[in-house]
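[1] pasting a predicted model and its sequence here:
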Amino acid sequence: MIADRYQDESSRSRHLGIALAFISFGSLVAPPFGGFLYQFFGKRVPFITLALIALFDGILLLLIMYSTRVQSDNNSTIKKPKGTPIWRLLMDPYITICAGALAMANVGLAFLEPTISIWMRQEMNATEWQMGLIWLPGFLPHISGVFLTVKLYEYYPNYQWLLAAIGLVLQGVMCLLIPFCTNFGLLMIPISGICFGNALVDTALLPTLAYIVDVRHTSVYGSVYAIADISYSVAYAMGPIVAGSIVHTTNFFTLNILIFLSSILYAPALYILRHFYAYKPMENNETQSLRHQSSHHSNLEY
């Protein structure tokens, strides 16, 4: 919806950044929120609270979607372009690279969230609310990363790939530092670094996916952002299973080394995107002109 509503690249990047900030707010506030309510109010209260929040959010979405539907019905006479199939988008190397980077950016969070609490209990004798609270300080660095990426886009729009690569490297290095933290305060530093790096990757590459669709495919964005959601889902689906088995068979330090290596080794792949930002999407009148020329040429051949 955001990519479709905001066609200008700068505006699209800014509004996607705002959406990402609130997504991260939910992800980072959830552990301390759940841990606090569970420890002091029992296991039922967190679920009841989440159900009420979800109900309220659903009502807001219905109101927004209703106004969008009315607007769409009013414009029903306008012929809408047919979107590129998702399988064809997956065959696009630029989209595949971005999707892989989005998955790798979330591997650190997805693999650490189910395992770091056990490590904290063993190494720091942490309580339930402390194990949840450790993710809360990462919210401000994440907001800072979103803001920085959006601002840098205004001055250096062709270097989003570099910001994403820096974010991946930063996440890997911060994951490597986690096992060396000996107390709660020190642990906040690499956690904040991971969240900052995650913001760089997400805020740089999500608008890039829309830009790739504009340049190489039809400007319908549902399928390409479905691919982005799949990337997130793959990381979080594999996280508890893979990370848990690695920690069980080896140790927590080995898990962090593997996350470090995967992030560092994938970052150079983003170098392939360096020249892509020089391409510009065709305007509607140019596209129609090309289609008219192609149709006229076919009629002459016939």
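    Received, thanks.
[2] where's the spatially most central residue of the chain, which helix or strand?
    Central residue of the chain (CA atoms, centre = their mean): residue 202, 4.2 Å from the mean position. Residue 202 is part of helix 184-216, with elements assigned from DSSP states H and E.
[3] next secondary structure after that helix?
    That would be, after helix 184-216 and using DSSP H and E, helix 222-238.
[4] what angle separates that next one from helix 184-216?
    150 degrees (axes from the mean of the first three to the mean of the last three CA atoms, to 10 degrees).
[5] can I get helix 222-238 in CSV, CA atoms only?
    Only the C-alpha atoms of helix 222-238 are listed here, as CSV (Å, rounded to 0.1, in the frame of the first residue of the first chain):
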residue,chain,number,x,y,z
GLY,A,222,2.2,-6.8,-3.9
SER,A,223,4.3,-9.7,-5.2
VAL,A,224,7.6,-8.2,-4.5
TYR,A,225,6.7,-7.3,-0.9
ALA,A,226,5.3,-10.8,-0.5
ILE,A,227,8.8,-12.0,-1.3
ALA,A,228,10.2,-9.6,1.4
ASP,A,229,7.7,-11.1,3.9
ILE,A,230,8.8,-14.6,2.8
SER,A,231,12.4,-13.6,3.5
TYR,A,232,11.5,-12.5,7.1
SER,A,233,9.4,-15.6,7.6
VAL,A,234,12.1,-18.0,6.5
ALA,A,235,14.6,-16.4,9.0
TYR,A,236,12.1,-16.5,11.9
ALA,A,237,10.9,-20.0,11.0
MET,A,238,14.4,-21.4,10.9
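[6] helix, strand or coil for residue 151?
    helix (DSSP: H, G, I helix; E, B strand; the rest coil).
[7] count the neighbours of it for me.
    Neighbourhood size, residue 151 [other CB atoms under 10 Å]: 13. All C-beta atoms are positioned from the backbone trio N, CA, C, and that covers glycine.
[8] sketch out the low-pLDDT regions of the stretch 51-200 of the chain for me.
    For the stretch 51-200 of the chain, residues meeting the criterion pLDDT under 70 lie at 66-81, 128-129.
[9] can you give me the helices for it?
    Shown for the stretch 51-200 of the chain, the helices assigned by DSSP state H, counting those that start in this stretch span residues 86-90, 93-112, 116-124, 128-133, 139-155, 160-177, 184-216.
[10] those helices into JSON lines, with extra columns for distance to residue 65?
    Output for those, formatted as JSON lines (distance: least, CB to CB, whole Å):
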{"stretch": "helix 86-90", "distance to residue 65": "22"}
{"stretch": "helix 93-112", "distance to residue 65": "25"}
{"stretch": "helix 116-124", "distance to residue 65": "37"}
{"stretch": "helix 128-133", "distance to residue 65": "33"}
{"stretch": "helix 139-155", "distance to residue 65": "25"}
{"stretch": "helix 160-177", "distance to residue 65": "30"}
{"stretch": "helix 184-216", "distance to residue 65": "20"}
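[11] relative to residue 269, which of those is closest?
    helix 93-112 (5.5 Å; CB to CB).
[12] in the closest one, what counts as buried?
    94-95, 97-99, 101-112 (16 or more other CB atoms under 10 Å).
[13] same check on stretch 235-250?
    Using 16+ other CB under 10 Å as the test for burial, stretch 235-250 gives 235, 236, 239, 242, 243, 246, 247.
[14] do the same with stretch 138-152
    138, 139, 141, 142, 143, 145, 146, 147, 148, 149, 150, 152.
[15] can I get it as PDB, trimmed to CA atoms?
    Once non-C-alpha atoms are left out, stretch 138-152 reads as follows in PDB (Å, rounded to 0.1, in the frame of the first residue of the first chain):
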ATOM      1  CA  GLY A 138      17.700  -1.600  20.700                       C
ATOM      2  CA  PHE A 139      14.600   0.400  19.800                       C
ATOM      3  CA  LEU A 140      16.400   3.800  19.800                       C
ATOM      4  CA  PRO A 141      19.300   2.600  17.700                       C
ATOM      5  CA  HIS A 142      16.900   1.100  15.200                       C
ATOM      6  CA  ILE A 143      15.000   4.400  15.000                       C
ATOM      7  CA  SER A 144      18.300   6.200  14.500                       C
ATOM      8  CA  GLY A 145      19.300   3.700  11.700                       C
ATOM      9  CA  VAL A 146      16.000   4.300   9.900                       C
ATOM     10  CA  PHE A 147      16.400   8.100  10.200                       C
ATOM     11  CA  LEU A 148      20.000   8.000   9.000                       C
ATOM     12  CA  THR A 149      19.200   5.800   6.000                       C
ATOM     13  CA  VAL A 150      16.300   8.000   4.900                       C
ATOM     14  CA  LYS A 151      18.400  11.200   5.200                       C
ATOM     15  CA  LEU A 152      21.400   9.700   3.400                       C
END
